[in-house]
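**Student:** Here is a sequence with its predicted model. Questions after.
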Amino acid sequence: QVQLTESGGGLVEAGGSLRLSCAASGGTFNDNSMGWFRQAPGKERDFIAGINWRGGSTNYADSVKGRFIISRDNARNTVHLQMNSLKAEDTAVYYCAAAQGPRELIYYHTYEYDYWGQGTQVTVSS
């Protein structure tokens, strides 16, 4: 059983940056492809970024490409999301997730992930 805990959310002005972290425990972190999703009020939970087990493969939603960077530190069982040039429309609860499928792949749908964190709020003021 994998437990995920996000941190680093908060309130930031438009154009600013935040770095989210997700700490994993209770499993073998290297076995998991990881992802970040976000959910705004009244909307579905959407894929933001994904990274495979080694970190050699990443992918992003078009809405954040060029502004967000996903990375992982397998020695510390953590995955990060560096968010730059933030916009008001980035406001949402951000979730990290772990997938137990083949770890060399990146996954894009909520149903492909097996474990979720509790989420961290990111609010961008315009």
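**Tutor:** Great, that's in hand.

**Student:** Now Tyr60: closest residue in space that isn't a chain neighbour?
**Tutor:** Nearest residue to Tyr60 in three dimensions, chain neighbours excluded: Ala49, at 4.9 Å (C-beta to C-beta, 6 or more residues apart in numbering). Where you see a C-beta, it was placed from the backbone N, CA and C, and this is true even at glycine.

**Student:** okay, now that neighbour: neighbour count?
**Tutor:** Applying other C-beta atoms under 10 Å, we find 25 residues neighbouring Ala49.

**Student:** Validate this expectation: it resides in a helix.
**Tutor:** No. Applying DSSP: H, G, I helix; E, B strand; the rest coil, one finds Ala49 to be strand, outside a helix.

**Student:** measure Gly16 to Thr123 for me?
**Tutor:** 11 Å (C-beta to C-beta, to the nearest Å).
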